[in-house]
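Student: Sequence and predicted structure below; questions after.
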Amino acid sequence: MKTKFNETLQWIGAVWIIAGHSLNALGPAVYPYNILAFFLGTVFFLWWTFRVANKPQMMVNIVALAISFMGLYKAVV
């Protein structure tokens, strides 16, 4: 069961990351939804990295989360 849940987390993260790239391809009209999609994808991947203790990927996700959070903040403020 734990393995299935981990795989589900990865797939949800992948779908959101793909959505972010797809929205980026549409251009500035979809801003800030592209950043939000990347943010959500990163949250799911970060959750997965904690569960499987993948430390290098965890660091990548923490940095990506911080960058996307700054982008969301700039979009709202």
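Tutor: On my side now, so go ahead. This structure is a prediction, so every number in the text was calculated from the model and none was measured.
Student: buried residues in the longest helix anywhere in the chain?
Tutor: Longest helix of the chain, by residue count under DSSP state H: helix 2-26. Neighbour-count burial for helix 2-26, with 16 or more other CB atoms under 10 Å as criterion, is recorded at L9, Q10, I12, G13, W16, I17, A19, G20, L23. C-betas here are computed from N, CA, C, even on glycine.
Student: And for stretch 63-77?
Tutor: A64, L65, S68, G71.
Student: For the second one, give its distance to T8.
Tutor: With distances taken as CB to CB, to the nearest Å, L65 is found 20 Å from T8.
Student: same check, this time on the first one
Tutor: A64 sits 20 Å away from T8 when distances are taken as CB to CB.
Student: next one: the last one
Tutor: According to CB to CB, G71 and T8 sit 26 Å apart.
Student: swap in the third one?
Tutor: Remark: distance between S68 and T8 (CB to CB) = 22 Å.
Student: any chance of the buried residues of stretch 63-77 in TSV, plus distance to G27?
Tutor: Shown next, in TSV, are the buried residues of stretch 63-77 (distance: CB to CB, whole Å):
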residue	distance to G27
A64	22
L65	24
S68	18
G71	16
